[in-house]
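Visitor: Here you go, sequence then predicted model.
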Amino acid sequence: MSGTPVIEVRNVHKSFKTVQAVRGIDLCIPPGRFVAILGPNGAGKTTLVEMIEGIQQPDQGDIFIDGKTWKGNEKYLRNLIGLSLQETHFIDKLNVWETLRLFASFFNIGRERCEEVLRLIALEEKRKSWVVNLSGGQRQRLALGIAILNNPKVLLLDEPTTGLDPNARREIWAILLRLKEQSGTSLILTTHYMEEAEQLCDYIVIIDQGKILKEGTITDLLGEIQDLPVKPLDTRKITLDDLFITLTGRHLDDATHIK
Amino acid sequence: MMQRISNSQLYQLILTNIRELIREPGVLFWGIVFPILMSLGLGVAFTKKKDVITRIAVIGEHHLVKEPADSASALASFLLANKSVTEKDKSGNQIHKLTVPDDKLGNTTFIFQSFEWKEAMVLLKRGNLNLVMDEKNGMVQYHFDPMNPDAQLTYLKLSKLLGSTGPVVKEANTEVKPLTVSGSRYIDFLVPGLIAMGVMMSCMWGVSYAIIERRSKKLLRRMVATPMKRSNFLLAMITVRVMMNFVEAGLLFLFAWLAFNITIQGSVAALFALFIAGNFAFAGIAIFMSSHTAKTEVGNGLINAVSMPMMVLSGVFFSYHNFPEWSIPAIQKFPLTMLADGIRSIMTEGAGFAETALPIAILGSIGFVFFVAGMKMFRWH
Ligand SMILES: Nc1ncnc2c1ncn2[C@@H]1O[C@H](COP(=O)(O)OP(=O)(O)O)[C@@H](O)[C@H]1O
Ligand SMILES: [Mg+2]
């Protein structure tokens, strides 16, 4: 909670034709903090994150990154942030190394950093494999590698582990945890897996239908659980879900239930 | 220094486009092998004088029997006089073959076989026969479809032969002066058309479709979420395409030169300028077409809607002067027509800058207008 916020979102709204995707969200993220934006499908996570990334414009409200708005500071901010979109297909017939080199060139970054990132995402063995031949987990790791190429001050990952099996998910977590130890990067990560939020993040923002339902540290949020009549056995895993149910009357993972 | 270049985004983008191109076997086939095969196939079919074989049905057996006693039949005596060959064909039917040699127009081989009337009509309808002959009271009758030029030709040749007396095989066509000078053959017409079409198709698929596909895969929005310069992205794509188009056109020309001795009779510099202008025009059109949609199906349809009419109307394979008079001024304004006509005039008519300055300027302007309009509407997300 120290220092000037690296990301500040003030009363942001965004609507599409018939849908109000984001309805007045405020966020304030100090440097180095890992924040999870947790919410079911359609909650507005992607819309919110893409507005922070400067890919979509808010209808109303302001967004500051490193104290600057997107307008007039695009070049500076593009060099400052790293991101991975919810679904990106890279170029099928480029191999892993060539893909890294291509994206590195956009930041004017040389091969040393590409080698470093390749090690970090543990894809050295796949260096020469075409992207089209990578597994889902490897592809997500490549996307993550591209996101961190420029040592971003702010990293934004939109559902980086959705659709991956538990092993592949854990590999991504390991990379992010190492990043947390070794760099001062701030992270915003969207997810609908509570476990992911708990494992990686210091701060959790629960959103639903374009609004923040609750936010706070894990301990803060778990404090809320005292009122619950049921005493769950595995507190770590179920409590946030229970919290969500008490907040909304719905299950957090309605649409994409994990077995 | 090398490190600098290899780290530069334009270099990496160009490299990426080249890699994608050469790793896609379809591109090499449709861009290089296919036009060459097409020029080979069509060029051989329409350029080389092939020996003509015509099949003629003769109604009733007796007209073909070569017995001196039977020489009441004009056909039989004609075959006898010209020493026709009698043999069995693959299905064991007796046929009579007569070859009239001609070193200028190509040999003509007539194959006579006797049939019942009904049989002959069926074969005629199937296109297995050119002509049906009959003989009544010493009068030769020819039955054929007057709308069919092949049948007419067979009739003319045969009636001329039968009308003359004595052996005719040695008679020379002294008045025929075949025009086979370079520049007037079908291949000379076809190759410039194929080159122009190659430029169009390459820009449509290589620029338009490629952009739409990247947009549909959300790669475009991922790329512009970096400090990448948007102009570099488009520049790299177009540069690689134009390079590819040079290679395609060069190889096609090389092939046509080796196989058919095709030449450039006019100004090579003008051809170069025209080719660049054509590339620019179609690249501009391609950018415009790809500026908005994120659906590859829409892209597919758009490309077909734009390229198909031009391919048919613009005189790639056959002259657009076969179309109605009133449509020709419009057809001549299509970019593909301008490019094909321009290349043709330089390659076969010896034109230079004076004759091609206008199409070069117009193609350049088309490219510019569509490019600017396309960029105005361009959706990166
Ligand atoms: N481009 C768009 N056009 C129309 N509706 C959209 C668009 N993007 C998102 N939405 C709608 O906005 C809501 C929030 O979507 P999104 O931000 O993608 O949610 P999440 O990422 O949490 O699943 C959804 O109802 C979605 O259908
Ligand atoms: Mg989403």
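Guide: That came through, no problem. Ligands and ions are numbered 1, 2, ... in the order given.
Visitor: buried sites along stretch B:227-238?
Guide: Across stretch B:227-238, burial judged by 16 or more other Cβ atoms under 10 Å in any protein chain shown covers B:227-228, B:232-234, B:236-238. In short, each C-beta sits where N, CA and C put it, glycine included.
Visitor: filter those residues down to the ones near chain A?
Guide: When contact is defined as Cβ under 8 Å from any Cβ of the partner chain, the buried residues of stretch B:227-238 meet chain A at B:227-228.
Visitor: farthest-separated two in the buried residues of stretch B:227-238?
Guide: Farthest apart among the buried residues of stretch B:227-238 by Cβ to Cβ are B:Pro227 and B:Ile238. That separation is 21.0 Å.
Visitor: so where's the stretch 201-350 of chain B shaky on pLDDT?
Guide: Nowhere does the stretch 201-350 of chain B drop to pLDDT under 70.
Visitor: Is stretch B:10-27 in proximity to chain A?
Guide: Yes: Stretch B:10-27 lies within reach of chain A by Cβ under 8 Å from any Cβ, at B:11-13, B:15-16, B:19-20, B:23-24.
Visitor: Identify each buried residue in that stretch, please.
Guide: Buried residues in stretch B:10-27, counted by 16+ other Cβ under 10 Å: B:10-17, B:19-21, B:27.
Visitor: do the same with stretch B:125-142
Guide: B:129-135, B:140, B:142.
Visitor: Keep only those of those residues that are in strands.
Guide: In this view, the buried residues of stretch B:125-142 that belong to strands under DSSP state E are B:131-135, B:140, B:142.
Visitor: for the residues you listed, which one is nearest A:Glu125?
Guide: Among those, and counting by Cβ to Cβ, the member closest to A:Glu125 is B:Leu131, at 73.1 Å.
Visitor: Tell me how far that closest one lies from chain A.
Guide: B:Leu131 is 57 Å from chain A, where distance means Cβ to the nearest Cβ, to the nearest Å.
Visitor: How about the contacts made by B:Leu302?
Guide: Shown in contact with B:Leu302 (Cβ atoms under 8 Å, 6 or more residues apart in numbering or on different chains): B:208, B:289, B:293.
Visitor: helix or strand for it, which one?
Guide: Here B:Leu302 sits within helix B:296-313, counting by DSSP states H and E.
Visitor: residues in contact with the helix or strand that that helix is followed by?
Guide: Per DSSP H and E, the first helix or strand lying C-terminal to helix B:296-313 is helix B:328-331. Contact with helix B:328-331 is made by B:313-315, B:320-321, B:323, B:337, as judged by Cβ under 8 Å, 6+ apart.
Visitor: follow-up on the earlier one: okay, the buried residues of stretch B:125-142 in CSV with pLDDT and distance to ligand 2 next?
Guide: Supplementary listing: these in CSV, determined by pLDDT from 0 to 100; distance: Cβ to the ion, whole Å:
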residue, pLDDT, distance to ligand 2
B:Leu129, 86, 70
B:Asn130, 85, 70
B:Leu131, 87, 74
B:Val132, 88, 75
B:Met133, 85, 80
B:Asp134, 83, 82
B:Glu135, 78, 87
B:Val140, 79, 85
B:Tyr142, 86, 79
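Visitor: So which of these is the closest to B:Ile262?
Guide: Nearest to B:Ile262 among those is B:Asn130, at 32.4 Å by Cβ to Cβ.
Visitor: Need phi/psi at the closest residue to ligand 2 within the stretch 151-300 of chain B.
Guide: Closest to ligand 2 within the stretch 151-300 of chain B is B:Lys218: 12.2 Å, counting by Cβ to the ion. Per-residue torsions, B:Lys218: phi 60, psi 20 (degrees, to the nearest 10).
Visitor: I'd like the next helix or strand past the biggest helix by length in chain B.
Guide: In chain B, with assignment by DSSP state H, the single longest helix is helix B:230-260. Downstream of helix B:230-260, the first helix or strand assigned by DSSP H and E is helix B:268-289.
Visitor: Measure how that next one sits relative to helix B:296-313, angle-wise.
Guide: Going by axes from the mean of the first three to the mean of the last three Cα atoms, to 10 degrees, helix B:268-289 is angled at 140 degrees with respect to helix B:296-313.
Visitor: any idea of the angle helix B:268-289 forms with helix B:230-260?
Guide: 130 degrees.
Visitor: Which other helices and strands does helix B:268-289 contact?
Guide: helix B:186-203, helix B:230-260, helix B:296-313, helix B:335-349, helix B:353-377 (3 or more Cβ pairs under 8 Å, 6 or more residues apart in numbering or on different chains; DSSP states H and E).
Visitor: How about chain B: which residue is closest to ligand 1?
Guide: Going by Cβ to the nearest ligand atom, ligand 1 is nearest to B:His381 of chain B, at 9.2 Å.
Visitor: okay, now the spatially closest residue to that residue that is not a sequence neighbour: neighbour count?
Guide: Computed as Cβ to Cβ, 6 or more residues apart in numbering or on different chains, the closest residue to B:His381 that is not its neighbour in sequence is B:Arg221, at 4.5 Å. B:Arg221: 20 surrounding residues under other Cβ atoms under 10 Å in any protein chain shown.
Visitor: Secondary structure of B:Arg221: a strand, I assume?
Guide: No: using DSSP: H, G, I helix; E, B strand; the rest coil, the assignment for B:Arg221 is helix, not a strand.
Visitor: give me the low-pLDDT residue ranges for the stretch 1-150 of chain A?
Guide: Checking the stretch 1-150 of chain A against pLDDT under 70 turns up A:1-3.
Visitor: now the helices for it?
Guide: Applying DSSP state H, counting those that start in this stretch to the stretch 1-150 of chain A gives helices spanning A:45-52, A:74-80, A:96-106, A:111-120, A:136-148.
Visitor: Throw those helices into a markdown table and include distance to chain B and mean neighbour count, thanks.
Guide: Below are the helices of the stretch 1-150 of chain A laid out as a markdown table (distance: least, Cβ to the nearest Cβ, whole Å; neighbours: other Cβ atoms under 10 Å in any protein chain shown):
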| stretch | distance to chain B | mean neighbour count |
| --- | --- | --- |
| helix A:45-52 | 9 | 24 |
| helix A:74-80 | 4 | 16 |
| helix A:96-106 | 4 | 23 |
| helix A:111-120 | 8 | 16 |
| helix A:136-148 | 8 | 22 |
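Visitor: circling back: with respect to A:Asp208, which of the contacts of B:Leu302 is nearest?
Guide: So of the contacts of B:Leu302, ranked by how close each gets to A:Asp208 (Cβ to Cβ), first place is B:Thr293, at 33.2 Å.
Visitor: Could you verify my assumption that the closest one touches B:Ile303?
Guide: No: look at B:Thr293 against B:Ile303 with Cβ atoms under 8 Å: they stay out of range, at 11.1 Å.
Visitor: This completes my enquiry, with thanks.
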